[in-house]
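Novice: Okay, here's the prediction I keep looking at, along with the sequence it came from:
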Amino acid sequence: MNSERVLSDEEELAGFQTGFAQRPDVVFAVSSADDVVAAVRHAAGRGMPIGIHATGHGLPGPVEGGAVISTRPMDGVSVDPVARTARVQAGVRWGQVVAAAGPYGLAPLNGSAPSVGAVSYTLGGGLGILARQFGYAADHVRSLDVVTADGRLRHVTPESEADLYWALLGGGHAFGVVTGMEIGLVPVRTLYGGSLAFDGRQVDPAAVLRAYEEWTRTVPHGLTSSFAAVPYPDIPALPPHLRGRYVISVRVAHTGPDGERLVAPLRQIGPVLSDSLREMPYAESHTIHSDPDFPHAYYGDSAVLSELDVDTVAGVLARTGPGADAMCVVQINHLGGALAEPAPNSVPYREGAFLLRLLAMGDREQARKVLDPAFAPLAPVTLGRAVNFAFGAGDRGEGLYDAGTRKRLAELKSLYDPANLFRRNYGVSG
């Protein structure tokens, strides 16, 4: 254990997502791979479903009456600056990896929030702030250590166990408990990035969206960006400049030259609320999105789009704006670039052009009443859904994989976990 105080089961299960209660029969707080082996063998011997919880932004699958393995205590990180790799244990969050790699002028392919769990993020693909330049985080995994349903600790590489390697990276927690992984780091010390924010009541959100879509057609592969629309409530907990505002923003991350020239068209859209675009050390990259760092309840889903139909998505903005029944966050990620390149893993829909993410605050029922009608008009251009952005909706397996990927995952699930112990299976049970 890395903490002197032993946590209660309730504390061990606590995480960023507060909207869905976990009620397992037993919680295993593991501090080593041997602990994981013992926990899996205990649960398997009793036919108990197993969920894995690393204290990041996600939750285990449904494990009523089963076991949750909490990897929170496994928080070791080590960097090899010569090989440009990092070894991360199962409970590590991205902020720790960024801090460990930074002194060597290196960076991981982390996401926008430092509190996200590195392993779970990567097993779901890992769409990061430098994604168009370097691809998915899963594309840079050298090896994984995983305890499978038979209670065996395996060292998995593309050479040693190609099928399991392929399934783990994209298949999430359906195939075992990953106790650690070795990842490649990229030589990035600084970047040009930040956010341009507009007042959605002064500047037409649809006009910002249209300008953004047109701008993405002109940018190089090394520039990664997203569009967001957030109707902030008028509450004292928020900074005064955000209270009650409908904020439309474009976020940018670019490691190449000419950042100021590349973003110049965005500055012509209209008057801005704020402009944080600048050269920054990679250690400050989390400020680009400034994601909330406090636990809260939320529900959401996503759609990988073959194209960004601006008129249709403008309708989505209208349905999820300040007048919606629940506070909604819209984010649109520009895909393509290195994300479209093939890799030996099961991350699907690499041909996608954009990813639309919708997030609603509150409970599942209230959120679905807002989100389902918003997603429906996008069906003609929707390729599927993204595993990492099925916030509370991961139990719905449809659309998370294309037919071929899902078939192969189901075959491997039957081989490695025939009893379906690991219930976070994203609809790929054999």
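Specialist: Structure's in. What do you need? No experiment lies behind these values; they were computed from the predicted model shown.

Novice: Spell out the residue ranges of the strands in the stretch 101-250 of the chain.
Specialist: All strands of the stretch 101-250 of the chain, identified by DSSP state E, counting those that start in this stretch, fall at 141-147, 153-156, 177-184, 190-199, 223-231, 246-254.

Novice: Equivalent analysis for the stretch 301-430 of the chain, please.
Specialist: 328-334, 354-361, 382-384.

Novice: now for the second one, which elements pack on it?
Specialist: Strand 354-361 is packed against strand 298-305, helix 310-320, strand 328-334, helix 364-375, with contacts defined by 3 or more C-beta pairs under 8 Å, 6 or more residues apart in numbering; DSSP states H and E. Heads up, the C-betas are built off the backbone N, CA and C, glycines and all.

Novice: Could you list the low-pLDDT ranges of the protein?
Specialist: 1-22, 55-63, 292-297, 393-395, 424-430 (pLDDT under 70).

Novice: Try it again at 80.
Specialist: Residue ranges of the chain with pLDDT under 80: 1-24, 53-65, 237-239, 241, 291-298, 362-364, 391-396, 423-430.

Novice: Give me the most central residue, it.
Specialist: Closest residue to the average C-alpha location of the chain: Asn388 at 4.5 Å, with C-alpha atoms, centre = their mean.

Novice: That residue - nearest residue in space that isn't next to it in sequence?
Specialist: Gly124 (3.7 Å; C-beta to C-beta, 6 or more residues apart in numbering).

Novice: how far away is the one you found from Ala138?
Specialist: Distance, Gly124 to Ala138, using C-beta to C-beta, to the nearest Å: 8 Å.

Novice: same thing with Gly180?
Specialist: Distance of Gly180 to Ala138, given as C-beta to C-beta: 15 Å.

Novice: ok, now Val230?
Specialist: Distance from Val230 to Ala138, by C-beta to C-beta: 28 Å.

Novice: got it, and Val37?
Specialist: Per C-beta to C-beta, Val37 is found 24 Å from Ala138.

Novice: neighbour count winner among the two?
Specialist: Ala138 (23 against 17; other C-beta atoms under 10 Å).

Novice: Settle this for me: that one is touching Gly172, isn't it.
Specialist: No. Checked against C-beta atoms under 8 Å, the pair Ala138 and Gly172 is beyond contact range at 10.5 Å.

Novice: what residues are shared contacts of those two?
Specialist: Shared contacts of Ala138 and Gly172, defined by C-beta atoms under 8 Å, 6 or more residues apart in numbering, are found at Leu123.

Novice: For stretch 97-108, measure first residue to last.
Specialist: Using C-alpha to C-alpha, to the nearest Å, one end of stretch 97-108 lies 7 Å from the other.

Novice: For it, buried residues please.
Specialist: Buried residues in stretch 97-108, counting neighbours by 16 or more other C-beta atoms under 10 Å, are found at Val97, Val98, Ala100, Ala101, Gly102, Tyr104, Leu106, Ala107, Pro108.

Novice: Name the secondary structure element that contains the second one.
Specialist: In other words, Val98. If you go by DSSP states H and E, Val98 is part of helix 94-101.

Novice: just checking, what packs against that helix?
Specialist: Judged by 3+ C-beta pairs under 8 Å, 6+ apart, helix 94-101 is in contact with strand 77-80, strand 85-89, helix 118-123.

Novice: What strands line up against the second one, and which way round?
Specialist: Meaning strand 85-89. Paired strands of strand 85-89, with direction, are strand 77-80 (antiparallel), strand 177-184 (antiparallel) (DSSP bridges).

Novice: got the contact list for that strand?
Specialist: Residues outside strand 85-89 that contact it (C-beta under 8 Å, 6+ apart): 71, 74-80, 96-97, 100-101, 108, 118-119, 142, 179-185.

Novice: Please pick the buried ones from the residues you listed.
Specialist: Buried members of the contacts of strand 85-89, scored by 16+ other C-beta under 10 Å, are 71, 74-75, 77, 79, 96-97, 100-101, 108, 118-119, 179-185.

Novice: circling back to that earlier point, which one of the buried residues of stretch 97-108 is nearest to Leu412?
Specialist: Checking these against Leu412 by C-beta to C-beta gives Pro108 as the nearest, at 26.9 Å.

Novice: Chain neighbours aside, what residue packs nearest to the closest one?
Specialist: Closest to Pro108 by C-beta to C-beta, 6+ apart is Val97, at 4.6 Å.

Novice: likewise Ile52?
Specialist: Ranked by C-beta to C-beta, 6+ apart and with sequence neighbours excluded, the top spatial neighbour of Ile52 is His173, at 4.9 Å.
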